[in-house]
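# give me a 3D structure for the following:
(chains A and B)
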Amino acid sequence: MKKIININFHSRVIPIEETAYEILQQYVESLRRYFANEEGRDEIISDIENRFSELFADKLKKGAVCITDEDVNATIASMGRPEEFEGEPEPSAHAGASGAAGGAGTTGAGAGTGGASGTSGGFQQGYGPYSTAEEPRRLYRASNDKVLGGVCAGLAHYLKLDPVVVRLIFVFLFFTGAGFLLYIIMWAVLPTRSLTASPASRKRLYRNPDDRVIAGVASGLAAYLHIDVWIPRLVFALPILLGVVTSIFSNIWWHAFRYNGHFIFNGFGGTFFIAYIILWIVLPEATTAPEKLEMRGEKIDLESIKNTVKSDLETLKGRAKEMGTEMSERMQQFGREMGSSIRQGAQNISSDVGYAARKSGTGIGHAIGVLFKAFFLVIAGLVAFALIMALIGLAFGAFSNQGLVDLKGYVLDGFWQNTLAWASFILCLVVPVVALLTWLIRRVTGMRSRRHYLGYVFASLWVIGIICAVVLAGMFVNNFRARAHSEEDFSLQQPSSGNLIIKAHQPLVRDYYDDWWFGEGWHRHGFFYSLSEDSILLNTVQIKVLKSDDASYHLRILRGSYGSNANSALEHARQISFNVTQADSVVELPGGFPITRDQKFRNQQVIVAVYIPVGKKILLDNSVKRYDWLNLNFNRQHIRWDNSWRNDEDYDDEGFLRNDNYYWDAGVQYVMTASGLQRAEDIEHPELREKPERPQPADRPEKKERPEQPEKANPDGRYHYQPPARSNRDSAPKTTTMISTPHSGYLVLSLFGITLFS
Amino acid sequence: MNIENTQSQMRKGILEFCILSVIRRGEAYPSDIVEEMKGANLNILEGTLYPLLTRLKNADMLTYRWVESNSGPPRKYFSLTPKGETFYGELQATWNELSNAVHALTQKI
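A predicted model of the protein is given here:
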């Protein structure tokens, strides 16, 4: 039971069996190859086809229901196969020039082709019927079936290989450099022939354009090897995917995956990617039916067996012929070549270059298009993957650190902000991922949507998400417009020993030192101390040491906060609970201050100002190193708290850190002198000053010589303590450095991101 | 030396001449030409004929016209051009020469 198709064959409708049709296609294809360089090729083939159509119509009229295999074969037999034709195909149709060669048997249109024009056609008559059984010993360039110069095709014909294989070999050789030179040499040296595909290569590697995800390379391979399509697809895709996955993972959980994935998968991924590109360029597309048959491999049936037998016979015949004629041919060729080699060469090169230029114009364009398409696809895939990974990572981060889930509550205020936050999260992140997944699924399953509205819907949703995010950011920033602080004097008892020790209290709360969370050590750089169910503990506390105006110690606490206006800022500032206790010489400060959900995060800060009278000592315990600082500065203005707290004036006009307040190291005993804070050991043991690691004496004169800062030496009568130029200062910069505007912007964004996705 | 090669060479030598002769007698359609030649015991494949005809036509030896037929698309009917006539004349002269020469050579025993 065979399938029948109707064909429109030269304006006749012919019902024909599908297999018979394929035989017919193959025959026409062989005609095409045979007449490849014939000037009237299309006309000849059209005439022959017309004749076929006529004969078929006759058969149908005589009562046949349809055209069967036998009918087609019988008609082909009567028409004759190309190899049986007795007129030779003429590369340059010089039909009927004067029979200058005399009646020496040059027939067909070959009459005038001897002599100067010197193409190889003149003596093709000895090879006419046997052109497909071309002697395998002579090497030619193919004039048909050529991508650049037909070198590979000719070589393949000589070796009876698939041209694609030879091309691939040459591609590999190109990479070594020798291949290029070899190719050029062969291009110049070998003469061209119209080579038909050798019958031995009945199974060729093609690209399959019908079943393509990207370029049909994988499905062509699958058809050739008779395996399922997804297997080569997986082989190509898997190393790349795995390489991407493991490299992303290795950045997140680096200690787990670091050494496993990277070398294996990334190496293979790159190789397969390049192999895919090369195959894309080199393999031809299987467009016609016989090519598709070839792609799938041999059809085991009578037809292919007959072909095999026929080709074998022809090879024998050809071989036999060649012995006799090769001698004469060689001699004549020699004679011809002398006379015409130059002209031949010029002709060849010019025509080839023109052809190659045209072809490569499309070929290179094709190749560039291929590369761009592949590149774009890779980038798109990576972007999608990154988005998915971001989602997963943040989701995990949010859910496994329960505390972070609630961070959002401290930042966002009110219904609108919350809604916007959720909306922008969903729309910005989730929508693209969903869109990409949909597109991927569509592509893989081959579904086509009739209307492309879905793309527009996704795009507009994403834009809305962006808008929401922007609005949310605006509202968020709005909360930080004004800044206010409240001052409180702490009544300090004078320590009996003349030495004040400042300690920071270590609270008994759970610390979130998750160093695996994106590999950052948050506990070192983070401004928040810990989280609990209902409050955050912030440690944005700064201790400033100043000289007292009278003979007693003073302690002053400044609480500052941002707010949407001055009143709300002040309110927020007052709400900071920072309780200091004193036990004789030891003043205990809290390790941080809590912010409840109701209070909202508004960059609350606390400054503890300690006034030391001259001659008294102070020691700041190592525990105060825990304090950190965060200064969100939105407007890039330097908002003054008040005159004596010129925080932002710590940076001079060029942005360098100035020493307005006394810098101190934790854990070091200091003494307040008339000229500022000095280390106690410096005063008590001045002889130690000569130690080389303390280049103080050398520095002092240097600093006094600074001509550009004479006016800053004594702005308001106070001596400014210039610290020795040591590079490895430890905690002091950390706790007293204020994060300037660039950093604040960065922190804002990261803060925003965290709260949004929790 | 292969006999078949030589034989086919001989055939090829006279093919054009014969085809032109047939057409010269009157307008002919390819399959008619094949029939006639078969009748004269010179078998030729249609597939050989078509390319030859096209080449001759491209060389202005032949011309054709389309003749509508009731059963399907029109057919090509070939006829000789004046240039073809000249060509034919020369070929005929050559043939005569050859034929005489061969005759002369083979008659002597």
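
# which stretches in chain B count as helices?
Remark: helices assigned in chain B by DSSP state H are B:3-25, B:30-39, B:46-58, B:82-107.

# so, low pLDDT: which residues of chain B?
B:1, B:71-72, B:109 (pLDDT under 70).

# show me the residue sitting in the middle of it in space.
residue B:19 (1.5 Å; Cα atoms, centre = their mean).

# how near is residue A:75 to chain B?
Per Cβ to the nearest Cβ, to the nearest Å, residue A:75 is found 10 Å from chain B. From N, CA and C alone the C-beta is placed, and that goes for glycine too.

# my guess is that residue contacts residue A:56. True?
Yes: in this structure, residue A:75 is within contact of residue A:56 by Cβ atoms under 8 Å, at 7.3 Å.

# comparing those two, which residue is more hemmed in?
More crowded of residue A:75 and residue A:56, by other Cβ atoms under 10 Å in any protein chain shown: residue A:56, with 25 against 19.

# now do the same contact list for residue 66.
Chain wasn't specified; assuming chain A. Taking Cβ atoms under 8 Å, 6 or more residues apart in numbering or on different chains, we find residue A:66 in contact with A:4, A:15-17, A:60.

# was after chain B, sorry
Residue B:66 neighbours (Cβ under 8 Å, 6+ apart): B:74-77.

# ok, now with 10 Å
B:73-77 (Cβ atoms under 10 Å, 6 or more residues apart in numbering or on different chains).

# which among those residues count as buried?
B:75-77 (16 or more other Cβ atoms under 10 Å in any protein chain shown).

# now, among these, which is nearest to chain A?
residue B:76 (6.9 Å; Cβ to the nearest Cβ).

# quick check: that closest one touching residue A:50?
Yes: assessed by Cβ atoms under 10 Å, residue B:76 is found in contact with residue A:50 at 8.5 Å.

# identify the contacts common to these two.
B:30, B:50.

# hmm, back to that, from residue B:48, how far out is the residue nearest to the centre of chain B?
Per Cβ to Cβ, to the nearest Å, residue B:19 is found 10 Å from residue B:48.

# identify the contacts common to the two.
residue B:34.

# contacting residues for the residue nearest to the centre of chain B?
Here residue B:19 is in contact with B:28, B:30, B:33-34, B:36-37, B:42, B:44, B:48-49, B:52-53, B:56, B:62, B:78 (Cβ under 10 Å, 6+ apart).

# tell me which two in those are the farthest apart.
Within the contacts of residue B:19, B:42 and B:62 form the most distant pair, 18.8 Å apart (Cβ to Cβ).

# tell me which of these two has more neighbours.
residue B:62 (26 against 15).

# wait, the more buried one sits on residue B:54?
Yes: Residue B:62 is in contact with residue B:54 according to Cβ under 10 Å; the separation is 9.0 Å.

# extract the C-alpha trace of stretch B:101-109 and format it as PDB.
Extracted in PDB, the C-alpha atoms of stretch B:101-109 (Å, rounded to 0.1, in the frame of the first residue of the first chain):
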ATOM      1  CA  ALA B 101      37.700   7.000 -48.800                       C
ATOM      2  CA  VAL B 102      36.600   4.200 -46.500                       C
ATOM      3  CA  HIS B 103      34.900   2.400 -49.400                       C
ATOM      4  CA  ALA B 104      38.100   2.700 -51.400                       C
ATOM      5  CA  LEU B 105      40.200   1.400 -48.600                       C
ATOM      6  CA  THR B 106      38.000  -1.500 -47.700                       C
ATOM      7  CA  GLN B 107      37.300  -2.700 -51.200                       C
ATOM      8  CA  LYS B 108      40.800  -3.500 -51.900                       C
ATOM      9  CA  ILE B 109      41.400  -6.900 -50.600                       C
END
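
# in that stretch, what's buried?
Buried residues in stretch B:101-109 (16+ other Cβ under 10 Å): none.

# just how off-centre is that stretch within its chain?
26 Å (Cα atoms, centre = their mean, to the nearest Å).

# and residue A:61, how many neighbours?
With other Cβ under 10 Å as criterion, residue A:61 counts 10.

# which residues touch the nearest residue to residue A:275 once chain neighbours are set aside?
If the residues on either side of it in the chain are set aside, residue A:275 comes closest to residue A:236, at 7.9 Å by Cβ to Cβ, 6 or more residues apart in numbering or on different chains. Neighbour list for residue A:236: A:213-214, A:217-218, A:221, A:269, A:272-273, A:275-276, A:279 [criterion: Cβ under 10 Å, 6+ apart].

# out of those, the closest to residue A:65 would be?
residue A:221 (39.9 Å).

# from residue A:377, how far off is that closest one?
Applying Cβ to Cβ to residue A:221 and residue A:377 gives a distance of 19 Å.

# quick check: residue A:383 touching residue A:436?
Yes: counting by Cβ under 10 Å, residue A:383 does reach residue A:436; the two are 8.2 Å apart.

# neighbour count winner among those two?
Between residue A:383 and residue A:436, counted using other Cβ under 10 Å, the more crowded position is residue A:436 (18 against 12).

# regarding that one, which helix or strand does it belong to?
helix A:431-445 (DSSP states H and E).

# average pLDDT for that helix?
In this model, helix A:431-445 carries a mean pLDDT of 72.

# try stretch A:621-640
Mean pLDDT, stretch A:621-640: 62.

# how about stretch A:664-683?
74.

# just checking, what packs against the helix or strand that contains residue A:619?
Taking DSSP H and E as the criterion, residue A:619 maps to strand A:617-620. On a contact count with 3 or more Cβ pairs under 10 Å, 6 or more residues apart in numbering or on different chains; DSSP states H and E, strand A:617-620 meets strand A:499-504, strand A:541-547, strand A:605-612, strand A:669-673, helix A:680-684, helix A:731-736.

# as a markdown table, these with distance to residue A:166 would be great.
Shown next, in a markdown table, are the helices and strands packed on strand A:617-620 (distance: least, Cβ to Cβ, whole Å):
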| stretch | distance to residue A:166 |
| --- | --- |
| strand A:499-504 | 78 |
| strand A:541-547 | 76 |
| strand A:605-612 | 75 |
| strand A:669-673 | 84 |
| helix A:680-684 | 84 |
| helix A:731-736 | 68 |
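
# those into TSV, with extra columns for mean neighbour count and distance to residue A:424?
Output for these, formatted as TSV (neighbours: other Cβ atoms under 10 Å in any protein chain shown; distance: least, Cβ to Cβ, whole Å):
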stretch	mean neighbour count	distance to residue A:424
strand A:499-504	21	38
strand A:541-547	21	33
strand A:605-612	22	29
strand A:669-673	21	50
helix A:680-684	14	56
helix A:731-736	17	34
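
# low pLDDT regions in the stretch 301-450 of chain A?
In the stretch 301-450 of chain A (pLDDT under 70), the answer is A:301-309, A:311-313, A:315-367, A:384, A:390-417, A:443-450.

# repeat that with 50
A:399-405 (pLDDT under 50).

# gap between the nearest residue to residue A:607 once chain neighbours are set aside and residue A:486?
Closest residue to residue A:607 apart from its sequence neighbours, by Cβ to Cβ, 6+ apart: residue A:558 at 4.3 Å. According to Cβ to Cβ, residue A:558 stands 7 Å off from residue A:486.

# ok, the two, which is more surrounded?
When residue A:558 and residue A:486 are compared for neighbours, residue A:558 comes out ahead with 22 against 17, by other Cβ under 10 Å.

# partners of the one helix or strand the more buried one maps to in the sheet?
Element membership of residue A:558 [criterion: DSSP H and E] is strand A:554-563. When sheet partners are counted by DSSP bridges, strand A:554-563 sits next to strand A:482-490 (antiparallel), strand A:605-612 (antiparallel).
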